[in-house]
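Peer 1: Any chance you can model this:
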Amino acid sequence: MALNPNEPSFREEQDSMGTARVPAQAYYGSQTQRAVDNGLRSGLKPPLALIQALALIKRCAAETNRQLDLLAPNLAEAITQAADEVAAGRFDDQFVVDLYQTGSGTSTNMNMNEVLASRANEILTGRRGGRDPVHPNDHVNLGQSSNDVMPSALHVAAAKALRGALQPALARLHRMLAHKALTFESIRKIGRTHLQDAVPMTLGQAFSGYARQIELGQERLGAVLPRLTELALGGTAVGSGLNAHPEFAPKTIARLAAISGIAFSEARNHFEAQAARDTAVETSGALKTIAVSLVKIANDIRWLGSGPRCGIGELKLPALQPGSSIMPGKVNPVVPEAVIQAAYQVMGNDTTITLAGQAGNFELNVTIPLIAHNLLQSIHLLAEAARLLVERCLQELDADRDRCNHFIERSLALVTGLVPLIGYDRAAALAKRAYTEDKTVRQVILEEKIIPAEKIDTLLG
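Peer 2: Residues are numbered from 1 along each chain as shown. As a prediction, this is how the structure comes out:
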């Protein structure tokens, strides 16, 4: 933010601890400044999706408090306008507290309260900052505590990201994989187990397996949503609801649901909703499982497309960019490799969330900013990975039928189809002879006149 040379560089603001010097043009106030001064300088900030969700909650809270005659209409309208502006990204640069802060997220909640109060005061008086007529605690934070509003913001942000980004991306990926399963259903290839040749199958069958993995991932996410859409709002400090109007939470959550289109509901038990972050852990577990699926799919595509001369080469990956700074003509599977790396990050995030989910004692988990960062990053990474896989790999992915047929013909595992006719031991002997003499199974069968030539294709599978 550019400074006006005609204004002082700092202003002084009062709070319960005394006076703090705040940049003159900042919308945040003294408590935010103290958090900045006392915090890490990691270069990381709470995710903007969390900030936007928090602004949405503050907007709905102001409207509810006005309806309940707890907040004057002019103050409520100013807070609502300020919250809409924050949610639209107008004040992103004013959220300056480091990610690694007090574990309840109180510093970020107060950063929001002060920005909204400051902007509301500007709307009402033309004067930025201060605590009058809109006070960050008494008015913006009315009926709330960091301990219930921050877990609620985490759930709102995660649910919105799932619904708005990841679920549509997974649905598109599933459709594309199912389409490829149909496209490749007539292409026979050799199966592989333990990295060794197995019996024949179709390429379409392999892709149907990939499609089912993603379908199951979608189901796992869907199963989490009923718990993720429960909000801690209304529990205030420890879950008892002290200082909150009994109608504050249901009315505010109903507004959240109406605005977002997501069926948010009040937590069945406020003490669980504030003391534990088990739902975030569960959600992360579902995300990790999807990441595992993506690694399997991307790795298979990478291996099946290896070559082009000396690898498996059953798939033809789209050539996107030069693959080497020293080897001319080399093209690498850049998209599958990017997807794999993103998925590994999600797995690492899950480990962090698992540890963080245990942190804190008694009535509050104290790692909410960290959980929010990792959970929302995981959702974003998986949505982007799914998008990239569809747009830059699967759409143009093709099969090499000749290569697939070549490997089937060369496979020793074809003798498996003869076991019902000649028994396991004799079939094994045929495979051994074919391998030793560098012949195909078909050649050995014809030489030993085991079955009529016209029946070979049927029995070899």
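
Peer 1: so where's this structure uncertain?
Peer 2: 1-8, 461 (pLDDT under 70).

Peer 1: Mind telling me which residue is nearest the centre of it?
Peer 2: I379 (1.0 Å; C-alpha atoms, centre = their mean).

Peer 1: Pretty sure it sits in a helix.
Peer 2: Yes. Residue state for I379 (DSSP: H, G, I helix; E, B strand; the rest coil) corresponds to a helix.

Peer 1: Please spell out which residues along stretch 119-137 are buried.
Peer 2: 119-124, 129-131, 134-137 (16 or more other C-beta atoms under 10 Å). The way it works is simple: take the backbone N, C-alpha and C, and place the C-beta from them, glycine included.

Peer 1: With stretch 189-207 instead?
Peer 2: 189-192, 197, 199-207.

Peer 1: Helices - which of the residues you listed land there?
Peer 2: The helices, defined by DSSP state H, take in L203, G204, Q205, A206, F207 from the buried residues of stretch 189-207.

Peer 1: Show me how this protein divides into domains.
Peer 2: As given by automatic domain parsing, the domain ranges for the chain are 28-142, 148-228+276-399, 411-460.

Peer 1: of all those, which lies closest to F248?
Peer 2: domain 28-142 (5.8 Å; C-beta to C-beta).

Peer 1: For the closest one, measure first residue to last.
Peer 2: 18 Å (C-alpha to C-alpha, to the nearest Å).

Peer 1: one step back: can the domains of the chain go into JSON lines with extra columns for distance to K251?
Peer 2: Shown next, in JSON lines, are the domains of the chain (distance: least, C-beta to C-beta, whole Å):
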{"stretch": "domain 28-142", "distance to K251": "4"}
{"stretch": "domain 148-228+276-399", "distance to K251": "14"}
{"stretch": "domain 411-460", "distance to K251": "66"}
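
Peer 1: nearest to N269, of those domains?
Peer 2: Nearest to N269, of the domains of the chain and by C-beta to C-beta, is domain 148-228+276-399 at 9.8 Å.

Peer 1: from the middle of its chain, how far away would the closest one be?
Peer 2: 10 Å (C-alpha atoms, centre = their mean, to the nearest Å).

Peer 1: hang on, the earlier thing: closest to N365 out of the ones in helices among the buried residues of stretch 189-207?
Peer 2: F207 (41.5 Å).

Peer 1: Not counting sequence-adjacent ones, nearest residue to the closest one?
Peer 2: A181 (4.0 Å; C-beta to C-beta, 6 or more residues apart in numbering).

Peer 1: Strands of the stretch 351-461 of the chain, residue ranges please.
Peer 2: Listed in chain order, the strands of the stretch 351-461 of the chain (DSSP state E, counting those that start in this stretch) span 398-399.

Peer 1: which residue ranges form the helices in it?
Peer 2: Counting by DSSP state H, counting those that start in this stretch, the stretch 351-461 of the chain has helices at residues 368-389, 401-410, 419-422, 424-436, 441-448, 456-460.

Peer 1: With only the CA atoms kept, save the fourth one in CSV.
Peer 2: So that's helix 424-436. Extracted in CSV, the C-alpha atoms of helix 424-436 (Å, rounded to 0.1, in the frame of the first residue of the first chain):
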residue,chain,number,x,y,z
TYR,A,424,0.1,-77.0,-14.3
ASP,A,425,3.4,-79.0,-14.5
ARG,A,426,3.3,-79.6,-18.3
ALA,A,427,2.3,-76.0,-18.9
ALA,A,428,5.3,-74.9,-16.8
ALA,A,429,7.6,-77.1,-18.8
LEU,A,430,6.3,-75.5,-22.0
ALA,A,431,6.9,-72.0,-20.7
LYS,A,432,10.4,-73.0,-19.6
ARG,A,433,11.2,-74.4,-23.1
ALA,A,434,9.8,-71.3,-24.8
TYR,A,435,12.0,-69.1,-22.6
THR,A,436,15.2,-71.3,-23.0
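
Peer 1: residues of it that come out buried?
Peer 2: A427, L430, A431, R433, A434.

Peer 1: What is that helix packed up against?
Peer 2: helix 441-448 (3 or more C-beta pairs under 8 Å, 6 or more residues apart in numbering; DSSP states H and E).

Peer 1: Check what contacts the helix it packs on and list those residues.
Peer 2: Under the criterion C-beta atoms under 8 Å, 6 or more residues apart in numbering, residues 409, 411-412, 414-415, 418, 430-431, 433-434, 437, 451, 453, 456, 460 lie in contact with helix 441-448.

Peer 1: now A20: how far from A76?
Peer 2: 27 Å (C-beta to C-beta, to the nearest Å).

Peer 1: Of the two, which one has the most company?
Peer 2: A76 (23 against 18; other C-beta atoms under 10 Å).

Peer 1: which residues does that one contact?
Peer 2: A76 neighbours (C-beta under 8 Å, 6+ apart): A62, E63, N65, R66.

Peer 1: do I456 as well
Peer 2: R442, I445, L446.

Peer 1: Between those, which sits nearest L71?
Peer 2: Among the contacts of I456, and counting by C-beta to C-beta, the member closest to L71 is R442, at 83.7 Å.

Peer 1: Okay, and the residue nearest to F207 sits in which element?
Peer 2: Following DSSP states H and E, one finds A181 within helix 167-183.

Peer 1: quick revisit: most neighbours among the contacts of I456, please name it.
Peer 2: Neighbour counts for these (other C-beta under 10 Å) peak at I445, which has 24 neighbours.

Peer 1: Tell me, how many residues neighbour the residue nearest to T236 when sequence neighbours are not counted?
Peer 2: Closest residue to T236 apart from its sequence neighbours, by C-beta to C-beta, 6+ apart: S145 at 4.2 Å. Look at S145: counted by other C-beta under 10 Å, it has 25 neighbours.

Peer 1: Hmm, G234 and S145 touching each other?
Peer 2: No. The criterion here is C-beta atoms under 8 Å, and S145 misses it with G234 at 9.9 Å.

Peer 1: picking up where we left off before, can I get the ones in helices among the buried residues of stretch 189-207 in TSV including distance to A343?
Peer 2: Below are those laid out as TSV (distance: C-beta to C-beta, whole Å):
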residue	distance to A343
L203	23
G204	24
Q205	24
A206	19
F207	19
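
Peer 1: you'd agree V115 is in a strand?
Peer 2: No. Counting by three-state DSSP, V115 is not part of a strand but helix.

Peer 1: what's the burial count for it?
Peer 2: 28.

Peer 1: switch to numbering from 417
Peer 2: All right, first residue 417 from here; so that's V531.

Peer 1: Contacts only, for it.
Peer 2: Y443, Y444, T448, A498, V502, F507, Q510, F511.

Peer 1: Please consider this matter closed, and thank you.
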